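[1] sequence first, predicted coordinates after that:
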Amino acid sequence: MEMSICLVATPSLDWHHPIVGKFVARYVGEDMSELEKAVALYHSVRDEIRYDPYRLDLSQEGMKASTTLKNRYGWCVPKAVLLAACCRACNIPARLGFGDVKNHMSTERLRRQMQTDVFYWHGYTEIFLEGRWVKATPAFNRSLCEKLGLEPLDFDGVHDSIFHSFDKAGNRFMEYLHQRGSFDDLPLAEIMTTFKYHYQGLLETINGDFEVEAANEAREDLKV
């Protein structure tokens, strides 16, 4: 893969959009190194954009980085798209990585809608820093993690940061089942094909607040 292709703007990674530029400017200074910029952008996308798998918009418009910023919420894939777009806006090569995971960061209602605990096409960002690709997953915001008894997933720009293996109590929380590879742009058509096959009940918006619902279930589990 040519490095230049991981710097261009695309319909999904629309880093040239003014709202993306303003977001980047809030957290990145000219005197910062590329690694410092990437780390700052990771934490900003992780915590400023709420993780919400209840409101899926799988249209081209709905998956844009600029749309995620306007909404201030997103699930793992649009948040990974946003982080990649922000990095490209800083002239830092970035691309998208995907894998199928068994994820326990869900609610009873979401599992019922999905009819599985496997999350296909779980998305993260791959950033080229200091001569190598490093994986970063900005999906789960700090407030959600705290409610669920998790340490927020951190990123230092050096080590891969891709999933919560265990919660604070030592219980297994997430595991990768299958890697789907790296992509210089969002493979939306492939994602849609998989979702239509596996998630027939998930392609419509679910009414509710995922973070509140998840926190309520976590409290109930502590009572058991």
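    Everything's here; your move.

[2] quick one, what contacts V20?
    D14, A65, S66, L69, L82, A85, C86, A89 (C-beta atoms under 8 Å, 6 or more residues apart in numbering). Backbone N, C-alpha and C define where each C-beta goes, glycine included.

[3] for this protein, just list every one of the strands.
    For the chain, applying DSSP state E gives strands covering 50-51, 73-74, 94-103, 118-129, 132-136, 174-183.

[4] give me the number of residues near G149?
    14 (other C-beta atoms under 10 Å).

[5] relative to G29, how far out is it?
    G149 sits 35 Å away from G29 when distances are taken as C-beta to C-beta, to the nearest Å.

[6] then R50?
    Relative to G29, and taking C-beta to C-beta, R50 is found at 26 Å.

[7] neighbour count: these two, which is higher?
    It is R50, of R50 and G29, that has more neighbours when counted by other C-beta under 10 Å, with 18 against 9.

[8] per-residue pLDDT of the more buried one, please?
    Looking at R50, its pLDDT reads 95.

[9] give me the beta-bridge partners of it?
    Y73 (DSSP bridges).

[10] may I ask you to confirm that it is in contact with A214?
    No: using C-beta atoms under 8 Å, R50 is not in contact with A214, being 11.4 Å away.

[11] now S143. Nearest residue, chain neighbours left out?
    Spatially, and ignoring its direct neighbours in sequence, S143 is nearest to E211 (6.8 Å; C-beta to C-beta, 6 or more residues apart in numbering).

[12] that neighbour: neighbouring residues, count only.
    19.

[13] contacting residues for it?
    Contacts for E211 (C-beta under 8 Å, 6+ apart) come out as R50, Y51, D52, S143, L144, K147.

[14] how close does it sit to R109?
    For E211, the distance to R109 (C-beta to C-beta) stands at 13 Å.

[15] repeat for Y51
    Counting by C-beta to C-beta, the gap from Y51 to R109 is 15 Å.

[16] so which of the two has more stuff around it?
    Y51 (21 against 15).

[17] return the distance of the more buried one relative to S182.
    22 Å.

[18] same question for D57.
    If you go by C-beta to C-beta, the gap between D57 and S182 works out to 24 Å.

[19] what of S4?
    16 Å.

[20] more neighbours: those two, which one.
    S182 (15 against 9).

[21] shared neighbours of R50 and A214, anything?
    L144.

[22] all helices in this protein, in order from the N-terminus.
    18-27, 34-48, 65-71, 76-89, 108-114, 142-147, 188-198, 210-223 (DSSP state H).

[23] from the chain's centroid, how far away is the longest one?
    To tie it back to what came earlier, the one meant is helix 34-48. 13 Å (C-alpha atoms, centre = their mean, to the nearest Å).

[24] next, the buried residues of that helix.
    Using 16 or more other C-beta atoms under 10 Å as the burial criterion, the residues of helix 34-48 that qualify are E34, L35, K37, A38, V39, A40, L41, Y42, S44, V45, R46, D47.

[25] if anything else comes up later, I'll come back, but that's it for now.
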